[in-house]
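Novice: The following block contains a protein sequence and its predicted model.
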Amino acid sequence: MDLENSFEVKTRTNGNDYYVLRNDGPAWFDMHAIHSDLDDRLPCDWVYKTVYDVAMIATAYDEPETFEIAQTISNRLSTYDLLTWAADHMGNQSYVDEAMADCSCDSLDKALRFGYELAAEHIAASVLAQVNAAFEDQEGEA
């Protein structure tokens, strides 16, 4: 089973959708490694949704680059979405701070977007590392 097909969408009582990793997902995928790569962040909706987005977008590229994936995801988001993401976790605010220090962000939207892309790149790198390792293991068994 492919990673992009290993998620399902559920709905909370308040009507908000969220993504979960199905029990029959690939044995090689370790969601805990993703959380560990994000400074041992506890599971949250944003991380699961971003892993799903990475898996979906990566299938469109022959050799996906983490920055392309992160930009594709962030380009889909409104300023409201980015503000919600930044407020969700102190670690997200650190990504925005890093973005403001590293680039000449002349607007709040640019700082939020670049910060989001930095965080999404971390997730994309972790996901792609697991995908590549699983692929190499599979080729080694063949």
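Specialist: Looks like it arrived, so ask away.

Novice: What segments of the chain are strands?
Specialist: Along the chain, the segments classed as strands by DSSP state E run 7-11, 17-21.

Novice: Output the ones you listed as TSV; include the columns distance to residue 88.
Specialist: Using the backbone N, CA and C atoms, a C-beta is placed for each residue, glycine as well. Written out in TSV, the entries for the strands of the chain read as follows (distance: least, C-beta to C-beta, whole Å):
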stretch	distance to residue 88
strand 7-11	18
strand 17-21	13
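
Novice: what number of residues lie near residue 4?
Specialist: As a burial measure, the neighbour count of residue 4 was computed by other C-beta atoms under 10 Å and equals 15.

Novice: Residue 137 now?
Specialist: Should you count by other C-beta under 10 Å, residue 137 turns out to have 11 residues around it.

Novice: again with residue 55
Specialist: Neighbouring residues of residue 55 were enumerated by other C-beta under 10 Å; the total is 21.

Novice: wait, doesn't it sit right on residue 124?
Specialist: No - taking C-beta atoms under 8 Å as the definition, residue 55 is not a contact partner of residue 124, at 9.7 Å.

Novice: In TSV, list the strands of the chain along with mean neighbour count, mean pLDDT and distance to residue 74.
Specialist: Formatted as TSV, the strands of the chain follow (neighbours: other C-beta atoms under 10 Å; pLDDT from 0 to 100; distance: least, C-beta to C-beta, whole Å):
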stretch	mean neighbour count	mean pLDDT	distance to residue 74
strand 7-11	12	94	20
strand 17-21	15	93	18
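
Novice: Now do the residue nearest the centre of the chain, the pLDDT please.
Specialist: Against the mean C-alpha coordinate of the chain, by C-alpha atoms, centre = their mean, the closest residue is residue 50 at 3.0 Å. With respect to pLDDT, residue 50 scores 94.

Novice: Next, find the distance separating residue 111 from residue 118.
Specialist: 11 Å (C-beta to C-beta, to the nearest Å).

Novice: between those two, what contacts are shared?
Specialist: Overlap of the contact sets of residue 111 and residue 118 (by C-beta atoms under 8 Å, 6 or more residues apart in numbering) consists of residue 99.
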